[in-house]
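Student: No sequence on hand, only this structure:
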Ligand SMILES: NC(=O)c1ccc[n+]([C@@H]2O[C@H](COP(=O)([O-])OP(=O)(O)OC[C@H]3O[C@@H](n4cnc5c(N)ncnc54)[C@H](OP(=O)(O)O)[C@@H]3O)[C@@H](O)[C@H]2O)c1
């Protein structure tokens, strides 16, 4: 499914500049990725771009120069971009994903997480593009894990409620769409604060200060490149089987509290962990969170779809650039 297209290229030869036309191969399968500048969107863009899809990414504040800058909140933005690009697939990653920001800015979070998702579903249905709406394990209250796709959602905080409303808006307006729920994500970050997993690393590294870590909420840290691969596998399967739609779950399978995640990071880099203190009583500041919203992934597993990077491997790759004694280690080990 690869098409040949003409592209103009400028060729510099000493004393001369020529504009030549050359054939390039542009895959015919088009995927539009919203939130392509974000933690998950970057991995999704890379996965499709490297696997024979014509990937078009849009972002907002970080879009330039690599991606198209689109404010999805503008009324006609969704229509214009889908109409122009005519995608076969849309992976909708753009969202406000920080529960505390959602609580403090509920109206703008509602617009982005619900209204924009609904518009995307309507436009996707019009052009017949398969839509994957990324959702969260926070749609569940965490009292009776593991949760099947058919499990009854009962979100505890506004972020979970809005993501659930987004799911409903998508599925009500486009019954051929898919919802992919995922838990806490990590991967290649631009800064440590970009992921609720990697943000713990500074507290791990600065071992001269005791650090309290939540040891109550059960998490399943999941690498964004695994979610990206699952999106591609699902999309490619869907091209052959139009009955694939509705709700899907994907998750890493290593259960850890934030305290255990921090200890695993220390382990990965041979750093001390005795300054890390487990807080087992659930008294974590901020918005209410589910104790254990483990996602049952058997629907995708039974289709033979999936990928799981071991946490130790994934976290070492992701955090290596942020190690404060990196230079010293490079000198010693390389
Ligand atoms: N991160 C997690 O742990 C986690 C867990 C479960 C589910 N999820 C879900 O996974 C999806 C991706 O999350 P993420 O962690 O990748 O989020 P993220 O890193 O915060 O990225 C959010 C993306 O949304 C874009 N965006 C924000 N406002 C926009 C606007 N007005 N117009 C256009 N684009 C806008 C941002 O663009 P700019 O940055 O360029 O402004 C960015 O690309 C979300 O649906 C989230 O709910 C995330």
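Tutor: Looks like it arrived, so ask away. Computed from a predicted model, the values in this text were never measured in an experiment.

Student: So which residues of the stretch 101-250 of the chain form helices?
Tutor: 106-110, 116-127, 158-173, 201-205, 224-240 (DSSP state H, counting those that start in this stretch).

Student: Same list (the ones you listed) but as CSV, adding mean neighbour count and mean pLDDT.
Tutor: Any C-beta I mention is one placed from the backbone N, CA and C, and that applies to glycine too. Rendered in CSV, the data for the helices of the stretch 101-250 of the chain read as follows (neighbours: other Cβ atoms under 10 Å; pLDDT from 0 to 100):
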stretch, mean neighbour count, mean pLDDT
helix 106-110, 15, 97
helix 116-127, 21, 98
helix 158-173, 22, 98
helix 201-205, 20, 95
helix 224-240, 20, 97
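
Student: possible to save the ones you listed as JSON lines with distance to the ligand?
Tutor: Shown next, in JSON lines, are those (distance: least, Cβ to the nearest ligand atom, whole Å):
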{"stretch": "helix 106-110", "distance to the ligand": "8"}
{"stretch": "helix 116-127", "distance to the ligand": "7"}
{"stretch": "helix 158-173", "distance to the ligand": "6"}
{"stretch": "helix 201-205", "distance to the ligand": "15"}
{"stretch": "helix 224-240", "distance to the ligand": "7"}
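
Student: I'd like those helices laid out as CSV, including distance to residue 265.
Tutor: As requested, those are exported to CSV (distance: least, Cβ to Cβ, whole Å):
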stretch, distance to residue 265
helix 106-110, 30
helix 116-127, 33
helix 158-173, 25
helix 201-205, 5
helix 224-240, 17
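
Student: who wins for proximity to residue 91 among those?
Tutor: Judged by Cβ to Cβ, the one of the helices of the stretch 101-250 of the chain that comes nearest to residue 91 is helix 224-240, at 5.4 Å.

Student: what does the stretch 1-150 of the chain put close to the ligand?
Tutor: Applying the criterion Cβ under 6 Å from any ligand atom, the portion of the stretch 1-150 of the chain that neighbours the ligand consists of 35, 37-41, 59-63, 70-73, 93-95, 97, 112, 134, 136.

Student: Residue nearest the middle of the protein, spatially speaking?
Tutor: The residue lying closest to the centre of the chain (Cα atoms, centre = their mean) is residue 40, at 2.6 Å.

Student: Touching, that residue and residue 227? I think so.
Tutor: Yes - in this structure, residue 40 sits in contact with residue 227. The criterion is Cβ atoms under 8 Å, and the distance is 6.1 Å.

Student: Spit out the residues that contact those two alike.
Tutor: 134, 182, 185 (Cβ atoms under 8 Å, 6 or more residues apart in numbering).

Student: which residues does residue 100 contact?
Tutor: Listed by Cβ under 8 Å, 6+ apart, the contact partners of residue 100 are 286, 287.

Student: A helix includes it, no?
Tutor: Yes - with DSSP: H, G, I helix; E, B strand; the rest coil as the criterion, residue 100 is part of a helix.

Student: Any idea how many residues pack against residue 254?
Tutor: Residue 254 has 17 neighbouring residues, counting by other Cβ atoms under 10 Å.

Student: One more: residue 206?
Tutor: Each residue near residue 206 was counted by other Cβ under 10 Å, and the total is 11.

Student: And for residue 153?
Tutor: Neighbouring residues of residue 153 were enumerated by other Cβ under 10 Å; the total is 19.
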